[in-house]
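Undergrad: Only the shape, not the letters, is given here:
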């Protein structure tokens with residue numbers, strides 16, 4: 001699972017909107033670098049949407065790679081100018097890739113697929129990323145500069161990417177998918193009590209990363 005994630009990085013020291021503007025002006029050599037900034041975010045969302053059936057056949061990294069390729073291929077169709085609009089567009093491409101994957105593996109009708117997963121589901125996972133950080137933040141504490149300067153959910157996903165795989169997995173299952181400790185224990189093949197302790201340790205480690213502690 002750890003290979004699905006990349007080391008968090010900044011947009012070459014420039015605001016994302018500035019880098020986006022340069023790509024829109026024809027400097028396409030920066031497009032790959034721009035899209036790479038959202039790999040961790042897309043991986044977290046893809047992981048949260050894959051159910052047990054599909055997880056045995058497709059990895060989150062496969063879905064993210066397909067999403068990246070689609071974004072690179074169709075970037076000329078993107079009409080937004082802000083990072084928020086770019087993130088929303090990437091989520092829509094991810095949804096399309098998820099629908100295509102369900103169709104390919106389960107031969108389900110498109111109506112059934114849309115019932116299984118929708119843009120609302122992915123948006124809900126993105127909002128839950130923010131909820132994790134909001135629950136950890138000290139009242140009155142302002143976010144760190146990187147979180148202020150970038151789409152907050154994207155920055156939070158980069159923080160999660162720094163966790164060891166089992167910490168990251170238990171947070172995704174518990175906080176993003178909303179599973180009970182018993183359900184998480186089944187997914188991770190552990191006892192519920194052990195999962196609860198693992199989750200507490202994972203949340204504490206994430207708190208340290210979020211607050212900038214060593």
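TA: Here it is on my side, so go on. From a predicted model like this one, the values you see are computed outputs, not experimental measurements.
Undergrad: Return the set of buried residues in the longest helix seen in the chain.
TA: Longest helix in the chain, counting residues (DSSP state H): helix 83-106. For helix 83-106, burial by neighbour count (16 or more other Cβ atoms under 10 Å) applies to 83, 86-87, 89-91, 93-95, 97-99, 101-102. C-beta: built from backbone N, CA, C; applies to glycine.
Undergrad: Show me where this protein has its helices.
TA: Under DSSP H, the chain gives helices at 16-24, 31-36, 39-49, 52-55, 60-73, 83-106, 110-116, 119-136, 145-149, 152-161, 165-171, 181-188, 192-211.
Undergrad: can you tell which of those helices is closest to residue 5?
TA: Taking Cβ to Cβ, helix 152-161 is the member of the helices of the chain nearest to residue 5, at 4.1 Å.
Undergrad: Who are the packing partners of the closest one?
TA: In terms of contacts (3 or more Cβ pairs under 8 Å, 6 or more residues apart in numbering; DSSP states H and E), helix 152-161 is packed against helix 39-49, helix 83-106, helix 119-136, helix 145-149, helix 165-171, helix 192-211.
Undergrad: For it, what does the pLDDT average out to?
TA: The pLDDT scores in helix 152-161 average 89.
Undergrad: With stretch 197-214 instead?
TA: Computed over stretch 197-214, the mean pLDDT rounds to 86.
Undergrad: What residues sit buried inside it?
TA: Per 16+ other Cβ under 10 Å, stretch 197-214 contains these buried residues: 198-199, 202-203, 205-206, 209-210.
Undergrad: re the thing from before, of the buried residues of helix 83-106, closest to residue 28?
TA: Using Cβ to Cβ, the buried residues of helix 83-106 come closest to residue 28 at residue 86, 15.1 Å.
Undergrad: The nearest residue to that closest one once chain neighbours are set aside - how many residues pack around it?
TA: Once flanking residues are discounted, residue 86 sits nearest to residue 80: 5.7 Å by Cβ to Cβ, 6 or more residues apart in numbering. Other residues lying near residue 80 total 13 when counted by other Cβ atoms under 10 Å.
Undergrad: residues contacting residue 80?
TA: For residue 80, the contacting residues are 86, 88-89, by Cβ atoms under 8 Å, 6 or more residues apart in numbering.
Undergrad: what's the answer for residue 101, then?
TA: With contact set as Cβ under 8 Å, 6+ apart, residue 101 has these partners: 54, 58, 63.
Undergrad: sorry, back to before: quick one, the longest helix of the chain and helix 39-49 angle?
TA: 40 degrees (axes from the mean of the first three to the mean of the last three Cα atoms, to 10 degrees).
Undergrad: Can you give me the distance of residue 53 to residue 102?
TA: 9 Å (Cβ to Cβ, to the nearest Å).
Undergrad: actually residue 130, sorry about that
TA: From residue 130 to residue 102 the distance is 27 Å (Cβ to Cβ).
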